[in-house]
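J.: Build me a structure from this.
(4 chains)
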Number of protein chains: 2
Amino acid sequence: MTHFGVTVRETRERLRQNDRSYSLRQVAQRVGVEPAYLSKIERGDVAPPSEATTKRLARELGEDPDVLLALGGKVSSDLQEIIRRRPRLFADLLRQLREAPDHAILRVVREVRDGDW
Amino acid sequence: MTHFGVTVRETRERLRQNDRSYSLRQVAQRVGVEPAYLSKIERGDVAPPSEATTKRLARELGEDPDVLLALGGKVSSDLQEIIRRRPRLFADLLRQLREAPDHAILRVVREVRDGDW
DNA sequence: AGTCATGTGTCGTAAACATAACACGATTTG
DNA sequence: CAAATCGTGTTATGTTTACGACACATGACT
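T.: Numbers count the residues shown, from 1 in each chain, chains lettered A, B, ... in the order given. Purely as a prediction, here's the structure:
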């Protein structure tokens, strides 16, 4: 069900075509996990790894950490902390935006970034 | 450090002044946990409970679930799912709003609610 | 033919999580 | 005073999480 592993494997094999150092073993070593464990992750034999390991993996593979975490069913702890500091406010905001189209959310991001508040 | 337990105890004892049925034991029974466990929760002897238990507790005490979850260091899973569906978008949004004043966020909520996008 | 690297199978495990079960002494209530 | 209720202490247990260690078979390369 989770295509976390599939994504990791595909990304790794894509990188490997230009760079032989993207074997499972070498990536595992750079990421700091056992090859056997990474193998199991890629085949979905075990659940997606911890937040920390997922972030190191994302960095190694040039993927967006938030996207990879999402595939693993997680939300980055720094985002969680933003919500936890003002739970009512952010809970309302997120539930309001649940069905909003992408462009509407993007507009909000831009408005806030451009500091017109 | 966590004043999750303190908050629960204070809220419960406040309710108890008008209603005898807010003893630790009776609340525990209605919430569906062992009295000994609720006692430990209130005194911070154990970590805050699971999301499901926290929500039942909030409902029983008339507290905002998102606020109580936040005190317990958690974020409601429905909010997490909103983020996981569009991680890049919502990660950007939240990080943009991290330092924004409350009124700016409220304005966004209202804008979206009033559908002028 | 021998070395080397690759991916994988099997087994174990330390820590955290989320309670349950039971008992006990103190206080309140009838 | 007896019974019930109160909060709490102790001990135990099942589950999940997040890996590590090690061995093994396969195939490429030299």
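J.: and chain A, what are its domains?
T.: The record's domain parsing of chain A by automatic domain parsing lists A:4-71, A:86-113.
J.: Which residues of chain A lie near DNA strand C?
T.: When proximity is defined as C-beta under 7 Å from any atom of the strand, chain A approaches DNA strand C at A:20, A:23-26, A:35-36, A:38-40, A:42-43, A:45. Where C-beta positions appear, they are placed from N, C-alpha and C, glycine not excepted.
J.: filter the residues you listed by proximity to DNA strand D?
T.: Among those, DNA strand D is touched by A:35, A:36 when using C-beta under 7 Å from any atom of the strand.
J.: Return the members of the residues of chain A next to DNA strand C classed as buried.
T.: Among the residues of chain A next to DNA strand C, the ones that count as buried by 16 or more other C-beta atoms under 10 Å in any protein chain shown are A:24, A:26, A:38, A:39, A:42.
J.: how much space between the residue most central in space within chain A and residue B:110?
T.: Chain A has residue A:68 as the residue nearest its centroid, 2.4 Å off, counting by C-alpha atoms, centre = their mean. Using C-beta to C-beta, to the nearest Å, residue A:68 is found at 34 Å from residue B:110.
J.: Also residue A:12?
T.: 45 Å.
J.: Could you check how many residues crowd around residue A:62?
T.: Using other C-beta atoms under 10 Å in any protein chain shown, the number of residues around residue A:62 comes to 9.
J.: which of the domains of chain A has the lowest average pLDDT?
T.: Ranked on mean pLDDT, the bottom entry among these is domain A:86-113, at a mean of 93.
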